[in-house]
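Chemist: I'll drop the sequence and a predicted model, then ask my questions.
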Amino acid sequence: MPHLTRTARQRAATGAGRLGLGVPGYAHPLVAPVEWAELTRPGTPLHWAVLNVSGGGAGGPGTRPDPHCLEAAGKLRNAGIRVLGHLDTEYGHRPFGEQIAEAHRYLDWYRVDGFLLDRCPTGRDELPAMRRTTETLRALREGAHLVLGHGTHPCPGYVEIADQLITYTGPWHDYRWSQVAEWTAEYPPERFCHLVHGVPRSHLEEALRIARWQGAGTVYFTDRADRAPRGRGAVDPFETLPGYWDEIVSRIGPGISE
């Protein structure tokens, strides 16, 4: 069981709200048709799904509209599911103009509902530049849902410039002993997201319990591991469905009590 702060315990005791799923980006719809189809299954507790047309770490909208991604995004939006475009911030080192140009392409080609700003910085020094980026994105798309992909706890100021912060991305063996920053107790669970890979089926309930106790409202758990097979690049564990997809959907779906 992870070490939890007293404030996180108090928040969990008063009710953390219902968990939902955030999909950080499946493989291209031609490569992962089953994954994309599953997202529109009625009753799936999905908060958002990320469209990463180019794939890979940097990703992006590509250089021209992709008809397969356009179809996948359209089906999600028709089902009432929020679609986010993937923007890489390069930990605050990426030029502002490049990010905004990609955002324009996502909006023009795929009509996204917001953005995941991946590899987001965490320090105070980078906060003003990230505030400029998020304010510009909101000006481009009214009501844009913005998720900052820190992967760890940033300085508290970031919570004021986005809708959600991803405060954990990593393996299960670290997550089960992780600590939650005390300042997060001042905000509701819907402001935080956890992405965890390598979660065994036998520990799925424990992982869900940790997320609730730590005050995360959006999660994505998978039994896929982050590996780099011999002779190939690293495998993104979040590009395919977890082996227990049906089970996790049923555990946190509509009508499931916390």
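Modeler: Great, that's in hand.
Chemist: Give me the pLDDT value at the closest residue to Glu239 other than its chain neighbours.
Modeler: Leaving aside its sequence neighbours, Glu239 sits nearest to Ala27 (CB to CB, 6 or more residues apart in numbering; 4.2 Å). In this view, the C-beta of every residue, glycine as well, is placed from N, C-alpha and C. Here, the pLDDT recorded for Ala27 equals 93.
Chemist: Doesn't Ala27 lie inside a helix?
Modeler: No - assessed by DSSP: H, G, I helix; E, B strand; the rest coil, Ala27 does not belong to a helix; its assignment is coil.
Chemist: what's the spacing between it and Thr133?
Modeler: Distance of Ala27 to Thr133, given as CB to CB, to the nearest Å: 27 Å.
Chemist: Could you do Asp88 as well?
Modeler: Asp88 is 12 Å from Thr133, by CB to CB.
Chemist: who touches both of the two?
Modeler: Common neighbours of Asp88 and Thr133, counting by CB atoms under 8 Å, 6 or more residues apart in numbering, are Gln99.
Chemist: ok, which stretches of this structure are helices?
Modeler: Using DSSP state H, the helices of the chain run over residues 6-13, 33-38, 67-78, 96-110, 127-140, 172-175, 204-213, 245-252.
Chemist: which sections of this structure are below the confidence cut-off?
Modeler: Low-confidence segments of the chain (pLDDT under 70): 1-17, 56-57, 227-234, 254-258.
Chemist: So which bits of the longest strand belonging to it are buried?
Modeler: Longest strand in the chain, counting residues (DSSP state E): strand 164-171. For strand 164-171, burial by neighbour count (16 or more other CB atoms under 10 Å) applies to Gln164, Leu165, Ile166, Thr167, Tyr168, Thr169, Gly170.
Chemist: follow-up on the earlier one: neighbour count winner among Ala27 and Thr133?
Modeler: Of the pair Ala27 and Thr133, Thr133 is the one with more neighbours under other CB atoms under 10 Å, namely 24 against 16.
Chemist: Which residue is the nearest non-sequential neighbour of Ile81?
Modeler: For Ile81, the spatially nearest residue (CB to CB, 6+ apart) is Leu46, at 5.5 Å.
Chemist: what sits against the one you found?
Modeler: Gly20, Leu21, Gly22, Val23, Leu39, Ile81.
Chemist: Please apply the same query to Pro237.
Modeler: His197, Gly198, Thr222, Arg224, Ala225, Asp226.
Chemist: one more time with 10 Å
Modeler: 24, 171, 195-199, 220, 222-227 (CB atoms under 10 Å, 6 or more residues apart in numbering).
Chemist: Tell me the buried residues within those.
Modeler: The buried subset of the contacts of Pro237 - by 16+ other CB under 10 Å - is Pro24, Leu195, Val196, His197, Gly198, Val199, Tyr220, Thr222, Asp223, Arg224.
Chemist: Quick check: the residue nearest to Val23 when sequence neighbours are not counted vs Asp174, distance?
Modeler: Spatial nearest neighbour of Val23, chain neighbours left out: Ala49 (4.1 Å); criterion: CB to CB, 6+ apart. Separation of Ala49 from Asp174 (CB to CB): 25 Å.
Chemist: Equivalent analysis for Gln214, please.
Modeler: For Gln214 relative to Asp174 (CB to CB), the value is 13 Å.
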